[in-house]
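Q: structure here, sequence nowhere to be found:
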């Protein structure tokens, strides 16, 4: 390919195709369009071109939702180094690669990863504020990511600090984008998830009900809006429904949560939507237990543990929580459900 005009045209065409391919991958779980597009971009532009690297980031992010987390950490480390060598420090593709590298290292769950995740996101947020301005879209994304990292680090005061940051971010996006904008919905979803976590640790039933009630209201509203705009099988719709169902469980309304979680589980399998492994199954186990179905609860807890142990590394928070849930439900289950042949 010769000439700046031809290069610019090719990049613009491939970038547009990338948006379409990513939408299909996220809604169907089918990665073939992304794989073909990456091969085409590497052929036309070279593997180190910013658009080729953008497509590679998108493809690897989709793969990272299902493959073992430790593999994804290695992939993102290598991809970030390649992007760092090829792109200027303020390039959006490099920013994305850096953010994904930090995300999957943080999700690995080791204490040093969690601390490093906070520091990495804080540096990136400060760099984006300096380069792009405090109100820029990418700066706001990184601010929300920093809140997530603070929440997951889980040191004293981190949960309260994360809630404060997320409430500030919600207020900013409502003021600048509107309450019904998808960019606002994203951070409201994160806020609802964080409220659920806070409700799990609330010091008393009144505070738990307050936090879980707020989470249920936010998540229910998001699920309704996303269902209308994006469809019943869209990943953002299904995630909002799981958060809503989790809040219902905490509110003592497990029987209402069971059909909602079963719906999400069924839709995700049918549409090949890559939800976090074991998430729906774990919630269904808790809901079935709360609804008085210990045998069903144990079955789903076993499935959740299998999925989480296959994705997250041993000793991670997610695997430890799955092991604790399984142990508790085994103690509560009828004799015949714990001695299946």
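A: Perfect, thanks for sending it. As the structure is a computational prediction, the values presented were derived from the model and not from experiment.
Q: got the buried residues for stretch 207-216?
A: 208, 211-212, 214-216 (16 or more other C-beta atoms under 10 Å). The way it works is simple: take the backbone N, C-alpha and C, and place the C-beta from them, glycine included.
Q: which SS state does the closest residue to residue 235 other than its chain neighbours fall under?
A: Nearest residue to residue 235, sequence neighbours excluded (C-beta to C-beta, 6 or more residues apart in numbering): residue 273, at 5.0 Å. For residue 273, the assignment made with DSSP: H, G, I helix; E, B strand; the rest coil gives coil.
Q: who's in contact with residue 273?
A: 27, 29, 233-235, 238, 267 (C-beta atoms under 8 Å, 6 or more residues apart in numbering).
Q: distance check, the spatially most central residue of the chain against residue 288.
A: The centroid of the chain falls nearest to residue 276 when counting by C-alpha atoms, centre = their mean (7.2 Å). According to C-beta to C-beta, to the nearest Å, residue 276 stands 19 Å off from residue 288.
Q: now do residue 95
A: Residue 95 is 42 Å from residue 288, where distance means C-beta to C-beta.
Q: likewise residue 231?
A: 27 Å.
Q: the contacts of residue 273, buried ones only, as a ChimeraX selection?
A: A single ChimeraX command selects the buried members of the contacts of residue 273 (16+ other C-beta under 10 Å):
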select :27,29,233,234,235,238,267
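Q: got JSON lines for the contacts of residue 273, with pLDDT, distance to residue 222 and secondary structure too?
A: Below are those laid out as JSON lines (pLDDT from 0 to 100; distance: C-beta to C-beta, whole Å; DSSP: H, G, I helix; E, B strand; the rest coil):
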{"residue": "27", "pLDDT": "75", "distance to residue 222": "17", "secondary structure": "helix"}
{"residue": "29", "pLDDT": "79", "distance to residue 222": "22", "secondary structure": "coil"}
{"residue": "233", "pLDDT": "88", "distance to residue 222": "16", "secondary structure": "coil"}
{"residue": "234", "pLDDT": "88", "distance to residue 222": "11", "secondary structure": "coil"}
{"residue": "235", "pLDDT": "89", "distance to residue 222": "13", "secondary structure": "helix"}
{"residue": "238", "pLDDT": "96", "distance to residue 222": "11", "secondary structure": "helix"}
{"residue": "267", "pLDDT": "93", "distance to residue 222": "16", "secondary structure": "helix"}
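Q: pick the one among the contacts of residue 273 closest to residue 150.
A: Taking C-beta to C-beta as the measure, residue 150 lies nearest residue 235 of the contacts of residue 273, at 24.5 Å.
Q: so who does the closest one touch?
A: 26-27, 273-275.
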